[in-house]
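Novice: pasting the structure only:
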């Protein structure tokens, strides 16, 4: 029996213009269910917006006909963009190995994001760099199924700086991505995440969610494989058999754990809330996103 996968709520980090959600609201006035305030009636206002009870009280107090109009927070669709890192390191590992398959984890994460965006009536977009060029699909331009097919089928041949180029392009698209738009970045961040690109995203006030896809054995840590000949492969797939000592294994373990810690600290300093994935099991990935949303809800509740 196939168990139904879960969705997670798109909990915004802050209330901003153009970012309404089920539990939040837009700062702009317009059609909506939640009352924002009231003001005097102006010619052209719909009669349906008149607050007749408040108008009667004001008319009685002034001794003349006075009309008060209710204003509501405008309901808008949130915007979500899935950004996929297409560098060769994201192609590891092939199915059948006992370690994390990044393509499988990335696909499951994209499915979770797309499914949750549809549940939130959000417009979904996509961005990547592959086959030597940057591709950006604006939110709502194509159906989610097309985006997911692209996630599954595109090649892993992007240049080392490709992810930064894609994110820089998104930071420029203010009309398509207003403040508070969600940008889920799926990558192993092998080259880190520092520099002006990430500052640009912060200044654009985009709600960036780094999704860190790293193997828990070989990238988030390092196993005790001293004395064993290990075939290490470079990104160009050249294999070099290597034998490590216990000290070398311990050094690599510290380096990998410190690297991940620095990456997460850097994201938090930018006010980005990362999601760390060390599994390609779809329901475990769903649970990681649900936990991310719950952390945000608790943090907002304390403010």
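Specialist: Noted; the coordinates are in hand. No experiment lies behind these values; they were computed from the predicted model shown. Residues are numbered from 1 along each chain as shown.
Novice: helices of the stretch 201-303 of the chain, residue ranges please.
Specialist: According to DSSP state H, counting those that start in this stretch, the stretch 201-303 of the chain carries its helices in the segments 246-269, 282-302.
Novice: whoops, I mixed them up, the stretch 1-150 of the chain
Specialist: Counting by DSSP H, counting those that start in this stretch, the helices of the stretch 1-150 of the chain are 52-62, 102-119, 144-153.
Novice: please identify the most buried of the ones you listed.
Specialist: helix 102-119 (a mean of 22; mean count of other CB atoms under 10 Å). Quick note: C-beta positions are derived from backbone N, CA and C, even for glycine.
Novice: in what helix or strand does the most centrally placed residue in the chain lie?
Specialist: Nearest residue to the geometric centre of the chain (CA atoms, centre = their mean): residue 184, 2.3 Å. Applying DSSP states H and E as the criterion places residue 184 in strand 182-187.
Novice: helices and strands around that strand, which ones?
Specialist: Contacts defined by 3 or more CB pairs under 8 Å, 6 or more residues apart in numbering; DSSP states H and E place strand 182-187 against strand 79-84, helix 102-119, helix 162-172, strand 207-213.
Novice: name every strand pairing with the first one and say which way it goes.
Specialist: Pointing back at strand 79-84 there. Partners of strand 79-84 in the sheet, by DSSP bridges, are strand 123-130 (parallel), strand 182-187 (parallel).
Novice: which one of those lies closest to residue 227?
Specialist: Of all these, it is strand 182-187 that lies closest to residue 227, at 33.5 Å by CB to CB.
Novice: what is the orientation angle of the closest one with strand 207-213?
Specialist: For strand 182-187 against strand 207-213, the angle by axes from the mean of the first three to the mean of the last three CA atoms, to 10 degrees is 20 degrees.
Novice: residues making contact with strand 182-187?
Specialist: 10, 78-85, 87, 90, 106, 109-110, 113, 122, 163, 167, 170, 177, 201, 206-213 (CB atoms under 8 Å, 6 or more residues apart in numbering).
Novice: which residues are in contact with residue 155?
Specialist: Residues counted as contacts of residue 155 (CB under 8 Å, 6+ apart) are 86, 130-131.
Novice: again, only this time at 10 Å
Specialist: When contacts are counted by CB atoms under 10 Å, 6 or more residues apart in numbering, residue 155 touches 86, 88, 91, 130-131.
Novice: per-residue pLDDT, it?
Specialist: If you check residue 155, the pLDDT there is 94.
Novice: got the contact list for the nearest residue to residue 176 once chain neighbours are set aside?
Specialist: Nearest residue to residue 176, sequence neighbours excluded (CB to CB, 6 or more residues apart in numbering): residue 138, at 4.8 Å. The neighbourhood of residue 138, defined by CB under 10 Å, 6+ apart, consists of 79, 81, 123-127, 173, 175-177.
Novice: what's the spacing between residue 138 and residue 125?
Specialist: 5 Å (CB to CB, to the nearest Å).
Novice: with residue 13 instead?
Specialist: Counting by CB to CB, the gap from residue 13 to residue 125 is 19 Å.
Novice: the more surrounded of those two?
Specialist: residue 125 (26 against 19; other CB atoms under 10 Å).
Novice: the more buried one and residue 159: what is the separation?
Specialist: 22 Å.
Novice: low-confidence bits of the stretch 201-303 of the chain, can you list those?
Specialist: For the stretch 201-303 of the chain, residues meeting the criterion pLDDT under 70 lie at 233-237, 303.
Novice: from residue 260, how far out is residue 144?
Specialist: Residue 144 is 31 Å from residue 260, by CB to CB.
Novice: my error: substitute residue 42 in the last question.
Specialist: Taken as CB to CB, the span from residue 42 to residue 260 is 57 Å.
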